[in-house]
Structures are given as C-alpha cells and as structure tokens.
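In: Using only what follows, build the 3D model:
(2 chains)
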Number of protein chains: 2
Amino acid sequence: MNRDAIGVFDSGLGGLTAVKALNELLPNENIIFFGDTARVPYGTRSRQTILRYTKEDIAFLRRHPVKMIIAACGTVSSMLGAELPVKDMPFTGVVYPAAEKAAEVTENGRIGVIGTPATIRSGSYETALHSVNPHLDVTAMACPLLVHLVEYGYTNRNNQITRLAAEEYLTPIRKAGVDVLIMGCTHYPIIREIIADIMGDGVKLLSAGEEAAQYAKICLEQQDLLTDSTEAGHNIYYVSDSVSSFRDNAKNFLPDAEYGQVFSSRI
Amino acid sequence: MNRDAIGVFDSGLGGLTAVKALNELLPNENIIFFGDTARVPYGTRSRQTILRYTKEDIAFLRRHPVKMIIAACGTVSSMLGAELPVKDMPFTGVVYPAAEKAAEVTENGRIGVIGTPATIRSGSYETALHSVNPHLDVTAMACPLLVHLVEYGYTNRNNQITRLAAEEYLTPIRKAGVDVLIMGCTHYPIIREIIADIMGDGVKLLSAGEEAAQYAKICLEQQDLLTDSTEAGHNIYYVSDSVSSFRDNAKNFLPDAEYGQVFSSRI
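Out: Just a heads-up that it's a prediction; the model follows:
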C-alpha cells in the first residue's frame, strides 16, 4: 500500500483523457499531472528533441511524491519504444497497453493506427502489435492537424474542417478493412464521434490513454501499491505555460471536469 | 559601412519570407537566421512565455556578428509592442513597418489584420495603426490554424481544408469592407493566393515580413551600416530542432530556395 500520487505527463493537454480514465478506475488515488504546454506539440519535432523534453518531464514529476509514472502521450511513448526511462518505480507509456488490447479484440486481424507524424514514423505501434501477434495486418496514418484541431476546440461533431481533415486521414484505413482503430494520440478521443462517424459501426475505437489507465491499475494492484485511503483522491495539475491558458484550453478537452489546483512551473 | 550580418529570427520558419525579401532588396548582405523550431508555434502561448523565448532568441543571435536584429515574427513583435529589446544596434519587428505601409496605401481608411491568437489579443496592430492615424477603422481576426496549415504544407491554392479555414477567418474582414489586409504573421504570404481569392481584387495584401525588410533597408542606409561588399551575400540558418526537419519543412515555405549552411543549435 502506498499513498503517493500517480504521476502523469503529456506534451500538452491530451493526457487529460488518461487522467479522466484513472479517476474513474481508481477514485481514491491522487494524481499529479504535468502538461508541457509551453512546448506543445511534440509530434512534429525530431526524435532527439522529443527525448530531451521527455527526460525533463520525467525529472519534473520525480521531484514530487509519485509511485508510478505514466507517459500519457503517444509521441513520447513511441520514441521510448520498449525502453523504460524509470527503473525504481512502475512506468508505462500508451503504446503497449493499446497494442495488447487491440490484438485481443480484433476478429479479422486488421488493425488501424492514427498518431502524430513522429509516432507513425517510428513504427512503434506496428512493433508492439507484432510483438503480440506477428500476423496482424497494420495500417498506420499520420494525422498532423488533429492535435491542433482538438487544442483549438474544433471538436463539435459537425465541424466541417475537422471532418474534412479526419476523412482525408481515415479513408485509407477504412478502405483497408480494419475492425479496430487505435487512437494512438491522447488528443483523439475528444473527437471520437467524428472518427466513429467516418469509420462506421463495425470498427471498435481504442483510446490509448484509457488503455494505459487500465494497465496502470493492474500494475499497481500486482505490486501492492494502491492507496488504502477511502476518501476521494484529488488531482493537481502543473503546466509549463500559464495557468490561464490551461483554463482556457482545458475546457476544450473535458468540458465537465473541475480543475481545482493548477500551477504554472518552468521545467 | 559594416560587413556584419543582419540577424533575423522567428518562432519557426515563417521568417524565411522576410529573409527572401532581404535577399532581393539587399543582395550583398549576409543573413544569419534563427528559427526556434523546437518550440514553434509561439502564437498560442502566453505573453510571459513568448517574452522569455524572445529574450533567448535575441541572446542567441547576439552571440554572432550581427549589425541589426529583425524579429520576423508577428507574435514576438506584438508582445514587444513599442519596446526595443536591443539598444546598441538597430532593431525592428514586423508590426510598425506593416502598420505604416497600410496607413499609407489605404484609400477608404478600413484595414484588416490577421494574426495568431497572441497577436490579435495584444491589439498590437491597432495600436500601431492608430499611432499613425487615429481615424483608421481596424478589423482584426485571430487565425490559429493557418500557421499549422502552412507548416505542414497545406498550401496548394486548391487545398480544401485551408480554403475552408481561411474563409471562416476572412469573411468578417471582407464584410467590413477593408481595402488593405495586413498578413500579420510571416507564415501567411505562403498562402497569399488563397487569401487573395477570398478577399477579392479590390483588397491590397501586405506581407509583414516584406515590410520589415523594406524598413530594415532604410534603417541600415540611414545609419551607414550597409556592406561595401559587391559579392553576393550568403545566408546561414540555425534551428533549435534538427537540420533534417528544417530541410523537410523549409520546402513548404520557399520551394525554390537553396538552403546551404544549416545548423542545429540548442539555445
């Protein structure tokens, strides 16, 4: 048993989708979230720059009392691959949990993946999927605009620009006949309805952030690190840009969430 | 006379439009360009973060032999306003040169401005325009997506997504009956044709980067700082992310330019 917090970080605010899932799965746990809003997005930068930022993000979380770290960012998880950047406590990215779930639920063995340019260029999801089942057929597509469309609140189901962009990115995946689509960047669940409309009823959508939250729960259970508190846990949010820009943008992500303690911190 | 280079910086690669104009106006001058590609974009961040990055960008250029500094970035120029961050050599942003030109060429006194959210929120162009002529009528619009659409190469005149986004942003400005539109971010001239199609023939488009280059020429002439070299000047490019990502993206900006010396440098 351990009452320390679960540390969660993301390049921006997409990781809030993982925080939401953690709050639902583990309501008594405290969460410390860090969003690198002064340097978002990561997904269009080079591998070495993303790895440098990742190191700084993890160092920031480690200065707080955390018992596990989750990289709630598809891009960071993809750059890390199977590497564990933290050895003395549990760590997970979003790629392996999502790949395991996808391999489990697919019926026809054809899986689609969408992510940032860095994620797709890395081939991370293919590697993870093939480590579970080498016969899976994977169709992956980089979607550079979607992160921005979400960050700027172009998220209404009928938004024409977002629909047009999503259709362009998703059409080759739909044509490949996949029955599972991994939303490989934690921003994408915010436009889940648009993605579902384009992919059609027969395709199951997996949120990489939610799968990472599920995995974190199992991991903490197995290592006996869950809290014994019976009170509701609380979330503390840190961002590298201003608190007011967090408050402006966070409502585009989870309009119903309440953001109590939010701090700005240079890293 | 002075053979040092002209230092030019931008949050990303939009400032290359100013470099191009400088090369045409002052072909014998050397240029040192810095693009903060590891942290682009600036225009959706807070004022204090943008000012911190600006200070670091200027400090980087000052470590090189430069005789003038140009902030070829609408967002940076807007955060600085009338403040001069460099006292011992000429300095200009893009806001005042563009505002002076707009005030000069308008016939009906109605001027449109497009820029990043930080630029428009600051009211920088209105302030600059009204300092020249308090009776000008200004219609300003934040265009958060356009920087990304340009950076990712959605720049073809017939690109549906860019046309749709631009139409949404520009319609209120067209309806206001402006006869001059300031493209207040150095990315926008790359999609000048799309902007012109939407605004129509009667509207003159001003490129903030080109106006800054014109201003820089006058400034160097007046202070007797132009080079006496009669050979073609050369450009050196520095970026904070990788050289390969510069090479990938720069072709979206100026497809015909040759980028000889490009270096990656952490700042």
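
In: Just to check, A:Gln160 is in contact with B:Leu164?
Out: Yes - A:Gln160 is within contact range of B:Leu164, at 6.1 Å (criterion: Cβ atoms under 8 Å). For the C-beta atoms, the positions are set from N, CA and C on the backbone; glycine is no exception.

In: Could you chop chain A up by domain?
Out: Chain A breaks down by automatic domain parsing into domains covering A:5-93+A:210-264, A:95-209.

In: Give me the distance between the two termini of the first one.
Out: The first and final residues of domain A:5-93+A:210-264 sit 19 Å from each other (Cα to Cα, to the nearest Å).

In: Near A:His130, how many residues? Count them for me, please.
Out: 15 (other Cβ atoms under 10 Å in any protein chain shown).

In: mind checking pLDDT for it?
Out: Here the pLDDT value assigned to A:His130 is 98.

In: check contacts around it.
Out: Contacts for A:His130 (Cβ atoms under 8 Å, 6 or more residues apart in numbering or on different chains) come out as A:136, A:138.

In: At which residues are the strands of the stretch 1-150 of chain A located?
Out: Along the stretch 1-150 of chain A, the stretches classed as strands by DSSP state E, counting those that start in this stretch are A:5-10, A:31-35, A:66-71, A:91-92, A:110-115, A:137-142.

In: neighbouring strands for the shortest one, and are they parallel or not?
Out: Paired neighbours of strand A:91-92 in the sheet (DSSP bridges): strand A:66-71 (parallel).

In: go on, the first one?
Out: Strand A:5-10 has its sheet partners listed here by DSSP bridges as strand A:31-35 (parallel), strand A:66-71 (parallel).

In: could you dump the strands of the stretch 1-150 of chain A to CSV with mean pLDDT and mean neighbour count?
Out: Output for the strands of the stretch 1-150 of chain A, formatted as CSV (pLDDT from 0 to 100; neighbours: other Cβ atoms under 10 Å in any protein chain shown):
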stretch, mean pLDDT, mean neighbour count
strand A:5-10, 98, 27
strand A:31-35, 97, 25
strand A:66-71, 98, 25
strand A:91-92, 98, 20
strand A:110-115, 98, 27
strand A:137-142, 98, 19
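
In: Now for the closest residue to chain B within the stretch 151-267 of chain A, how many residues are close by?
Out: As assessed by Cβ to the nearest Cβ, chain B sits closest to A:Ser242 within the stretch 151-267 of chain A, at 3.7 Å. A:Ser242: 18 surrounding residues under other Cβ under 10 Å.

In: List the contacts of it.
Out: By Cβ under 8 Å, 6+ apart, the residues touching A:Ser242 are A:264, B:46, B:48-49.

In: Let me have those residues in JSON lines, extended by distance to B:Ala232, pLDDT and neighbour count.
Out: Converted to JSON lines, these look like this (distance: Cβ to Cβ, whole Å; pLDDT from 0 to 100; neighbours: other Cβ atoms under 10 Å in any protein chain shown):
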{"residue": "A:Ser264", "distance to B:Ala232": "47", "pLDDT": "96", "neighbour count": "19"}
{"residue": "B:Ser46", "distance to B:Ala232": "41", "pLDDT": "96", "neighbour count": "23"}
{"residue": "B:Gln48", "distance to B:Ala232": "41", "pLDDT": "96", "neighbour count": "13"}
{"residue": "B:Thr49", "distance to B:Ala232": "38", "pLDDT": "97", "neighbour count": "22"}
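
In: So the residue of the stretch 1-150 of chain A found nearest chain B versus B:Val239, what's the distance?
Out: Going by Cβ to the nearest Cβ, chain B is nearest to A:Ser46 of the stretch 1-150 of chain A, at 3.7 Å. Distance check for A:Ser46 against B:Val239: by Cβ to Cβ, to the nearest Å, it reads 10 Å.

In: got any residues that touch both of the two?
Out: Counting by Cβ under 8 Å, 6+ apart, the residues touching both A:Ser46 and B:Val239 are B:Ser245.

In: Per-residue pLDDT of A:Glu167, please?
Out: What the model reports as pLDDT for A:Glu167 is 98.

In: Next: A:Asn252.
Out: pLDDT, A:Asn252: 78.
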